[in-house]
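Just to be clear, the model below is a prediction. Sequence and coordinates:
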Amino acid sequence: TQRVFSGIQPSGGLTLGNYLGALKRFAQSQNSGVQSIYCMVDLHAITVWQDPAALTRNTRELCAGFIASGIDPERSILFNQSGVPEHAQLAWIFNCVARMGWMKRMTQWKDKAGKNSENASLGLFAYPALMAADILIYHATHVPVGEDQKQHLELTRDIAIKFNNDFGVDFFPITEPVIEGAATRVMSLRDGTKKMSKSDPSDMSRINMTDDADAIALKIRKARTDPDPLPETLDGLNDRPEARNLVNIYAALADITPEQVIAEHAGQQFGTFKPSLADLAVAKLSPISTEMARLMDDPTEIDRILAGGVERAREIAAPVLKRTYEIVGMVGS
Ligand code: ATP
Ligand code: MG
């Protein structure tokens, strides 16, 4: 049977990248009838410093973002990672299965640790083992993510394969990454070669889900572009990462293909295209930010939803951890 799992870090406010690469797709897949589990991965967020009060707020706001994007907390399970201790417990087992060399090759580790990796947290290095635990503790078969998480999902498969091999079992499933759509990699508005991130120090590099109409219009107007008009065909976007990014964002927001965007806007200058894109973005995002703000007015409802999600998630996770401990040979499991 199929089961979907995905997580988002409360490491800042949600961005348009998180919306198009994750939330919007989660909402769209909701009618497939497959059980879906979505996690606010607070344990992942603290692999880099988080102010405690901000972490609490960001976790609640992230949950509000899921609901405002159309994910029904009754049909899907919405919860925060630290509430289900089985994630961290299974992650420890996986720390002992995964190899140092595997972790060192992860581009997210290299990007986030930067030049001074001696000073990065041990948790940041082990991040992919915790992510493998997030997925495999539910025996999830499908993991919808953005393009940036592809390498971590391959590592999740490697961990499942090695665990099954080491212990001579067929216990953990080999998960399938689900990376599809026009915007699986939304790029920074300031640099078309870098992905848009909630942790980017420049606020102008991203559109936040909480930005108002003026902020969205300003950021799109100031977005870096080249001086040429939009091309006549999609091929004309080759070697034009900034232009391609804006076309992809337009396509994903409008639920059309990049080809259709080009067909409709061929030959336009950015002075014309950018305001259309800004109008579209405001029309699609403002109902979501309004609903997020309403939910955040009184977080009681959010906390209730997360607590309910924790309970439902634990029911699935606890027996899997118990069986894992038995396989490994822990007395009393
Ligand atoms: P951080 O900068 O703290 O890593 P982030 O913006 O990368 O934050 P994550 O919580 O790491 O967000 O990722 C949550 C989900 O959003 C993942 O599925 C990830 O692949 C997706 N995602 C993140 N950034 C983008 C992006 N620019 N385009 C498309 N999907 C994205
Ligand atoms: Mg990230």
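Here it is on my side, so go on. Ligands and ions are numbered 1, 2, ... in the order given.

is it true that residue 13 touches residue 203?
No - with contact defined as C-beta atoms under 8 Å, residue 13 does not count as touching residue 203 (9.6 Å). (Each C-beta comes from the backbone N, C-alpha and C, glycine too.)

Pick out whichever of the two has more residues nearby.
Ranked by neighbour count (other C-beta atoms under 10 Å), residue 13 and residue 203 place residue 13 first, with 20 against 12.

So the more buried one: helix, strand or coil?
With DSSP: H, G, I helix; E, B strand; the rest coil as the basis, residue 13 sits in coil.

And it, what's its pLDDT?
pLDDT recorded at residue 13 is 95.

Backbone dihedrals for it, please?
phi -80, psi 150 (degrees, to the nearest 10).

any idea how far ligand 1 is from it?
Taking C-beta to the nearest ligand atom, to the nearest Å as the measure, residue 13 falls 9 Å from ligand 1.

ok, for that residue, nearest residue in space, not its chain neighbours?
Counting by C-beta to C-beta, 6 or more residues apart in numbering, residue 13 lies nearest to residue 208, which is 4.7 Å off, once chain neighbours are set aside.

Bridged to that neighbour, which residues?
Residue 208 has these beta-bridge partners by DSSP bridges: residue 15.

Likewise for residue 80?
Bridge pairing for residue 80 - DSSP bridges - gives residue 40.

residues in contact with residue 225?
242-243, 246, 270, 274 (C-beta atoms under 8 Å, 6 or more residues apart in numbering).

Point out the residues in the stretch 151-300 of the chain that sit beside ligand 1.
183-186, 195-199 (C-beta under 6 Å from any ligand atom).

ok, now which ones touch the residue nearest to residue 13?
13-16, 198, 215.

how about the strands of the stretch 51-200 of the chain, start to end?
77-80, 142-144, 176-178 (DSSP state E, counting those that start in this stretch).

which helices and strands sit right next to the helix or strand just after the last one?
When you say that, I think you mean strand 176-178. Later in the chain than strand 176-178, the nearest helix or strand by DSSP states H and E is helix 213-222. Helices and strands touching helix 213-222, by 3 or more C-beta pairs under 8 Å, 6 or more residues apart in numbering; DSSP states H and E, are helix 270-297.

relative to helix 270-297, how tilted is whichever helix or strand comes after the helix it packs on?
Next in sequence after helix 270-297, counting helices and strands by DSSP H and E, comes helix 300-328. If you take axes from the mean of the first three to the mean of the last three C-alpha atoms, to 10 degrees, helix 300-328 sits at 90 degrees to helix 270-297.

Not including adjacent chain positions, what is the nearest residue to the residue of the chain found nearest ligand 1?
Using C-beta to the nearest ligand atom, the single residue of the chain nearest to ligand 1 is residue 21, 2.0 Å away. The shortest distance from residue 21 to any non-neighbouring residue, by C-beta to C-beta, 6+ apart, is to residue 146 (3.4 Å).
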